[in-house]
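Visitor: how would this look folded up:
(2 chains)
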2 protein chains.
Amino acid sequence: MSSLATHLRFVLSRTSHPGNIGSAARAIRTMGFDRLVLAAPQRYPHPQVEAMAAGADDVLAKLTVHADVRDAIADCTLAFGLSARRRGIALRELTPREAAGEIAAALRQPVEVALLFGNEQSGLDNDELLLCHAMVRIPSVADFSSLNLAQAVQVMAYELRLALQDESIAPPAAHDPPAAAAEMEEFYRHLFATLRAIDFHKGRAAMTIEQRLRRLFQRAQPDSRELRVLHGILADAERMARLAHGKDGA
Amino acid sequence: MSSLATHLRFVLSRTSHPGNIGSAARAIRTMGFDRLVLAAPQRYPHPQVEAMAAGADDVLAKLTVHADVRDAIADCTLAFGLSARRRGIALRELTPREAAGEIAAALRQPVEVALLFGNEQSGLDNDELLLCHAMVRIPSVADFSSLNLAQAVQVMAYELRLALQDESIAPPAAHDPPAAAAEMEEFYRHLFATLRAIDFHKGRAAMTIEQRLRRLFQRAQPDSRELRVLHGILADAERMARLAHGKDGA
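Guide: Below you'll find the model as predicted:
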């Protein structure tokens, strides 16, 4: 397996069953991956992890645990989330094969990529999906659509192995690598603060607009230079608002 | 899922762990299949079967148990066997995708088809492989090649579902259609006017920044609703600039 595989992390969020963590470790190991990351696992460490990993010891040795998904993917520039159902969220929806192709292309830049898997019962929540650039839906029958967590990991790892072996998948041309998740969060903080400063909301709830703007800019995947331009624009808008409110010179 | 699926059986031979039988039932059920057949299971029935099937009750209701593989596939005209390793057996070796394509073609005749999975530790033995028309090898890394039994079933069921689907699962457009070019131009005019109003350029040439912002928003492909939000933000920034300059000049 190519060393590109080390730039991809499989993130399991709020996993209930420790056996699934071990099975996921085994699943990714068979396909040549070794980075498993846990966000707020409900039971970890636990002897079932080692039991189900069935010898995927190097994956367990490298495994890291984080307080939440945001922290787990802070240095990632691309994040895809598995989702069994369509949500009221306007994210691109990809098949496993399409997602694997895009991830393989991104890994060749190379950038850090995360593939997110939610809790066994509830999946990824909306806040977690908002951190994603696209949703991945494993095709399944309508009346029984829920794959076991480790089996979803296996299907994705399998498609990713095939995609990484496919030399014809080229990195996207275009622009500099997209900014990392932490940079994006900093931008959103600045953007939302500016909206308040210029009195954009006018008493309406901010959340719907903020989510809409997040989706727009997640889709755009700005690079660091573009983010600097956007920060500059926001700073000038804030400056105008301060002058308008008479706080600057007064 | 097409009724062709009923002509395909997943045969588990000499399975040791009853939990794997249940997990296999769930795995095939998610992909629209319902025929699981056991040949000489080591422990069956067993409560772990139901526990791991997680509601795939119709698969368990139809499940049949046979003395050996030969009996389990007696009425089949095509049988493929999963094998992790190459054996000293002159069988064609297929990838999961190739095998799924051949099986889908056979099911359309229609004939009865079997896909065989061996014991967790030892796989299919040579007598069982001799009943097969081809071997299927799931690609994996050389130093850790053994998928969990139910996960191998999941990968195959996934590929078979894709192969049996007549039309490719085209995801619906994730968000509203992107705005037309004329709307985008109107947005750029507003954006660039706002940049001047908030004194963003500070004497520098505007063109480089304007081109950079164009590339960013072209990539994002905003829809009309998103453009309205962006126009609203720009209008408020302009309002602040007017107020600021009013106070400045006053």
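
Visitor: C-alpha from now on. contacts and neighbour counts both.
Guide: OK.

Visitor: Render the CA-only coordinates of the helix ranked longest in chain A in PDB, please.
Guide: Longest helix in chain A by number of residues, with DSSP state H as the criterion: helix A:224-244. Coordinates of each C-alpha in helix A:224-244 appear next as PDB, following Å, rounded to 0.1, in the frame of the first residue of the first chain:
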ATOM      1  CA  SER A 224      -5.200  29.800   2.800                       C
ATOM      2  CA  ARG A 225      -4.500  32.800   0.500                       C
ATOM      3  CA  GLU A 226      -8.200  33.100  -0.300                       C
ATOM      4  CA  LEU A 227      -9.000  33.000   3.400                       C
ATOM      5  CA  ARG A 228      -6.600  35.900   4.000                       C
ATOM      6  CA  VAL A 229      -8.400  37.900   1.400                       C
ATOM      7  CA  LEU A 230     -11.800  37.100   3.000                       C
ATOM      8  CA  HIS A 231     -10.400  38.000   6.400                       C
ATOM      9  CA  GLY A 232      -9.200  41.300   5.000                       C
ATOM     10  CA  ILE A 233     -12.700  42.000   3.600                       C
ATOM     11  CA  LEU A 234     -14.300  41.200   6.900                       C
ATOM     12  CA  ALA A 235     -11.800  43.400   8.800                       C
ATOM     13  CA  ASP A 236     -12.700  46.300   6.600                       C
ATOM     14  CA  ALA A 237     -16.400  45.700   7.000                       C
ATOM     15  CA  GLU A 238     -15.900  45.600  10.800                       C
ATOM     16  CA  ARG A 239     -13.900  48.800  10.600                       C
ATOM     17  CA  MET A 240     -16.800  50.500   8.700                       C
ATOM     18  CA  ALA A 241     -19.300  49.300  11.300                       C
ATOM     19  CA  ARG A 242     -17.100  50.700  14.100                       C
ATOM     20  CA  LEU A 243     -16.900  54.000  12.400                       C
ATOM     21  CA  ALA A 244     -20.700  53.900  11.700                       C
END
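
Visitor: Give me the helices and strands touching the host helix or strand of residue A:213, please.
Guide: Element membership of residue A:213, judged by DSSP states H and E, is helix A:207-220. Packing partners of helix A:207-220 (3 or more Cα pairs under 8 Å, 6 or more residues apart in numbering or on different chains; DSSP states H and E): helix B:207-220, helix B:224-249.

Visitor: Next one, pLDDT for residue A:226 please.
Guide: Looking at residue A:226, its pLDDT reads 91.

Visitor: just the one 5 residues further on next, same as before
Guide: Residue A:231 is assigned a predicted lDDT (pLDDT) of 96.

Visitor: likewise the one 3 residues further on?
Guide: pLDDT, residue A:234: 97.

Visitor: what's the answer for residue A:109, then?
Guide: 85.

Visitor: Determine the three-state secondary structure at it.
Guide: Under DSSP: H, G, I helix; E, B strand; the rest coil, residue A:109 falls in the coil class.

Visitor: Now do it against chain B, distance only.
Guide: Distance of residue A:109 to chain B, given as Cα to the nearest Cα, to the nearest Å: 18 Å.

Visitor: just the strands in chain A please.
Guide: A:8-13, A:36-39, A:64-66, A:78-82, A:93-94, A:113-117, A:134-136 (DSSP state E).

Visitor: so which of those strands comes closest to chain B?
Guide: Closest approach to chain B among these (Cα to the nearest Cα): strand A:93-94, 6.2 Å.

Visitor: Surely residue A:92 touches residue A:135?
Guide: Yes - using Cα atoms under 8 Å, residue A:92 makes contact with residue A:135 at a distance of 6.1 Å.

Visitor: So for these two, which sits in the more crowded spot?
Guide: Here residue A:92 and residue A:135 are compared on neighbour count by other Cα atoms under 10 Å in any protein chain shown; more neighbours surround residue A:135, at 29 against 18.

Visitor: any idea how far the more buried one lies from residue A:14?
Guide: Distance of residue A:135 to residue A:14, given as Cα to Cα, to the nearest Å: 18 Å.

Visitor: Same question for residue A:182.
Guide: Counting by Cα to Cα, the gap from residue A:182 to residue A:14 is 21 Å.

Visitor: quick one, which of these two is more surrounded?
Guide: It is residue A:14, of residue A:182 and residue A:14, that has more neighbours when counted by other Cα under 10 Å, with 22 against 16.

Visitor: then stretch A:7-27 to CSV, C-alphas only?
Guide: What follows is stretch A:7-27, C-alpha atoms only, in CSV (Å, rounded to 0.1, in the frame of the first residue of the first chain):
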residue,chain,number,x,y,z
HIS,A,7,-2.7,10.8,5.1
LEU,A,8,-6.2,9.3,5.5
ARG,A,9,-7.8,8.9,8.9
PHE,A,10,-10.9,6.9,9.7
VAL,A,11,-12.8,8.8,12.5
LEU,A,12,-15.3,7.0,14.6
SER,A,13,-17.5,9.4,16.5
ARG,A,14,-19.3,8.5,19.7
THR,A,15,-19.0,4.8,19.1
SER,A,16,-21.1,2.7,21.6
HIS,A,17,-19.7,-0.8,21.1
PRO,A,18,-16.0,-1.3,21.7
GLY,A,19,-16.1,-4.4,19.6
ASN,A,20,-16.9,-2.2,16.6
ILE,A,21,-13.7,-0.2,17.2
GLY,A,22,-11.7,-3.4,17.1
SER,A,23,-13.5,-4.7,14.0
ALA,A,24,-12.9,-1.3,12.3
ALA,A,25,-9.2,-1.6,13.1
ARG,A,26,-9.0,-5.0,11.5
ALA,A,27,-11.1,-3.8,8.5
